[in-house]
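>>> Next come a sequence and a model predicted from it.
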Amino acid sequence: MDKYRVTLTAEERVALGQMVSAGEAAARKLTHARILLLSDTHGEDSTDEEIVTALGTGLRTIARVRRDFVTQGLEVALNRKSQPPRPDKIKIKGDLEQKLVQLACSDPPQGRCHWTLQMLADELVVLGLLQTVSIETVRQALKKTTSSLGSSRLGASRPRPTPNTFGEWRT
C-alpha cells in the first residue's frame, strides 16, 4: 500500500487547528482533521501506528484520508462521501401490495389455520409476482396497512372492560 505524503499549507493548518480546538463539527470530520494534522510533513510527521494509538482509528481510515487529501483535496478528505444511488428499496407497492393483502385475508391453504409470512412470501413467488422476496419485506408491507381483522377501530386489540374504583364494571 502506497503511503501518501500530506503537506498542509499554513492556512490549511490554521483552519484545521481552529476546527479541532472549537470542536463544533461532526465527530468524523474532527477525526479526519486530526489525522491530517498529525500526518502533516511540516510537523512531526507521526507514523500510522502513533496516529492509531492517539486517535483510536483504523489504519485503513488513515490511509484513506491521506489518499483523499492528496488526490482530491481538503474538502473531500474532511467531508463524508455521499452514498451511491440505491435501487428502489420498496419491492412491494401498489397493485402488488393490494394482491398481498387480498392473499393474506383469503382462506389459508388446506390443512392450515392461518397464513404465515413464509407461506405468503412463497405464494408471491409461486404466482410469479416476484422472483424473490424475504419474509421481512412481506412483514413490512403488511404492517404498513391499517386494516384490522375484527375491530372497527385501528389498533392491535379492543379495549377490555375494567372495574372502576367503586367495584362496578365500566365499558
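Good, I have the coordinates.
>>> In the chain, what residue spans correspond to strands?
162-163, 169-170 (DSSP state E).
>>> among these, which gets the worst mean confidence?
When the strands of the chain are compared on average pLDDT, strand 169-170 comes out lowest at a mean of 58.
>>> which regions of this structure sit below the pLDDT cut-off?
Low-confidence segments of the chain (pLDDT under 70): 1-2, 43-45, 86-87, 146-171.
>>> That one: helices as residue ranges?
10-22, 27-39, 48-55, 59-72, 74-78, 95-105, 117-126, 135-144 (DSSP state H).
>>> Determine which stretch of those helices is the most buried.
helix 27-39 (a mean of 19; mean count of other C-beta atoms under 10 Å). For every residue, glycine as well, the C-beta is placed using N, CA and C.
>>> Name the surrounding residues that touch that helix.
The contact list for helix 27-39 (C-beta atoms under 8 Å, 6 or more residues apart in numbering) reads 6, 8, 12-13, 16-17, 19-20, 23, 25, 43-46, 50-51, 54-55, 57, 61-62, 65-66, 69, 74, 77-80.
>>> Now do it against helix 59-72, angle only.
On the basis of axes from the mean of the first three to the mean of the last three C-alpha atoms, to 10 degrees, helix 27-39 is oriented at 80 degrees to helix 59-72.
>>> Just want to check the distance between the residue nearest the centre of the chain and H114.
Closest residue to the average C-alpha location of the chain: Q83 at 11.0 Å, with C-alpha atoms, centre = their mean. Distance of Q83 to H114, computed by C-beta to C-beta, to the nearest Å: 39 Å.
>>> Over to S21?
Counting by C-beta to C-beta, the gap from S21 to H114 is 62 Å.
>>> same question, L55
For L55, the distance to H114 equals 55 Å [C-beta to C-beta].
>>> what's the answer for Q102, then?
On the measure of C-beta to C-beta, Q102 and H114 end up 15 Å apart.
>>> Kindly report the same for D122.
From D122 to H114 the distance is 15 Å (C-beta to C-beta).
>>> How is this structure divided into domains?
10-78, 95-144 (automatic domain parsing).
>>> now these as CSV including distance to K89?
Putting the domains of the chain into CSV (distance: least, C-beta to C-beta, whole Å) gives the following:
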stretch, distance to K89
domain 10-78, 24
domain 95-144, 10
